[in-house]
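Novice: Attaching a predicted model along with its sequence, questions to come.
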Amino acid sequence: MTRWLVTGAGGLLGLNFALRHARQQTVVGVVHRQGLVGVPFETLQADLSQPGAVDAVLAAARPDVILHAAAIANVDACESDPQTAQRAKAELPAELARAAARLGIQMVHISTDAVFDGKVGYYREEDAPNPLSVYARTKLAGEQAVLAAFPQALVARVNFFGWSLAGKRSLAEWFFNNLRAGRNMKGFTDVLFCPMNVIHLSDLLAEMAAQGLTGLYHVVGPEALSKYEFGLRIARRFRFSAKLIEPASVYDGGLAAARSPNLTLNTEKLRAALGQDLPDVSAGLDLFYHQFRQGYPDMLRTLGAAA
């Protein structure tokens, strides 16, 4: 049985991964500000950015694999505090990678599709990145630092959605919450991406680790669509009024950080390595819908504890 250490275990990916795999694997989740209660896995409270914290957590958890899913997810917040972003997204991953290499621990590091400027689209792993924001630049620095410190690490560039602890972490939840409340909102027609359900992503990451894949991989859905179209498909799946979503341009959104207009990634390398097709948006939204019907979002909210 593989023993996983999951950082960011209260986050969208970390929590869903830990819940998904805790019954088949041993999972230890690292939480910082957001505590967890009633989860089927062990948790460790730690601020990994503090001196000595990484070594202490690894000594306590004794993992076979690290899934480094902890991150600052707020793109605009990174613009106002680049030093914190650099520490969290570049320096900490490098520290984890050095420790993993020294101790012989497998490492899976989560990066982003935003490392590209979006002028072309369907980027391959070997294409040169050109990040436009502090968020993207520090994420790129993190993946480069990880692979420099530990070439046998696995780095996954991702874009995912799903249900979160607070119910407002993913773009899908944002559309759902506004649609359910009958509020008007805008959807960007000029930003393309390849979203994947976080459960599907969790399964793929576990399979990639089990197969011993190393290096850089694009792990996103096989279908490209605009943020606007994504919102429309959520509206249709839940039978909400699609008229609540107004088509808009990202350049009129008043966002602090620059966004790449084309976040689409080529996944041929991953499909060849696994020998299988990847789950598409329709499958992901069906799962998102069925989880809602089964009370999964309500269950997640019971797991949150005061910091």
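Specialist: Thanks, I have it. Numbers count the residues shown, from 1 in each chain.

Novice: which residue sits closest to residue 85, ignoring its sequence neighbours?
Specialist: Of all residues not flanking residue 85 in the chain, residue 78 sits nearest, at 4.1 Å (CB to CB, 6 or more residues apart in numbering). All C-beta atoms are positioned from the backbone trio N, CA, C, and that covers glycine.

Novice: Can you give me the neighbour number for the closest residue to residue 56 other than its chain neighbours?
Specialist: The shortest distance from residue 56 to any non-neighbouring residue, by CB to CB, 6+ apart, is to residue 46 (7.2 Å). Using other CB atoms under 10 Å, residue 46 is surrounded by 17 other residues.

Novice: Same check on the one 4 residues further on?
Specialist: Counted with other CB under 10 Å, residues neighbouring residue 50 total 9.

Novice: quick one: residue 261 and residue 189 touch, right?
Specialist: No: the criterion here is CB atoms under 8 Å, and residue 261 misses it with residue 189 at 10.2 Å.

Novice: quick one, which of the two is more surrounded?
Specialist: residue 261 (19 against 15).

Novice: Who are the contact partners of the nearest residue to the more buried one once chain neighbours are set aside?
Specialist: Leaving aside its chain neighbours, residue 261 sits nearest to residue 118 (4.3 Å; criterion: CB to CB, 6+ apart). The neighbours of residue 118, taking CB atoms under 8 Å, 6 or more residues apart in numbering as the test, are 132, 259, 260, 261, 262, 263.

Novice: where does residue 118 land in three-state SS?
Specialist: Counting by DSSP: H, G, I helix; E, B strand; the rest coil, the backbone at residue 118 sits in coil.

Novice: swap in residue 72?
Specialist: coil.

Novice: Please tell me how far it sits from residue 88.
Specialist: 5 Å (CB to CB, to the nearest Å).

Novice: Kindly report the same for residue 244.
Specialist: 35 Å.

Novice: picking that back up, phi, psi of the residue nearest to residue 56?
Specialist: The phi and psi values for residue 46, taken as degrees, to the nearest 10, are phi -160, psi 150.

Novice: Cross-check the contact I'm expecting between it and residue 29.
Specialist: No: with contacts counted by CB under 8 Å, residue 46 stays clear of residue 29, the gap being 10.5 Å.

Novice: what does the average pLDDT come to for the helix or strand harbouring residue 147?
Specialist: Assigned by DSSP states H and E, residue 147 belongs to helix 134-149. The average pLDDT within helix 134-149 is 94.

Novice: Same question for stretch 216-228.
Specialist: For stretch 216-228, the per-residue pLDDT averages 98.

Novice: One more: stretch 113-120?
Specialist: For stretch 113-120, mean pLDDT rounds to 94.

Novice: In it, which residues are buried?
Specialist: Buried positions in stretch 113-120, judged by neighbour count with 16 or more other CB atoms under 10 Å: 113, 114, 115, 116, 117, 118.

Novice: Quick one: end-to-end distance for that stretch.
Specialist: 13 Å (CA to CA, to the nearest Å).
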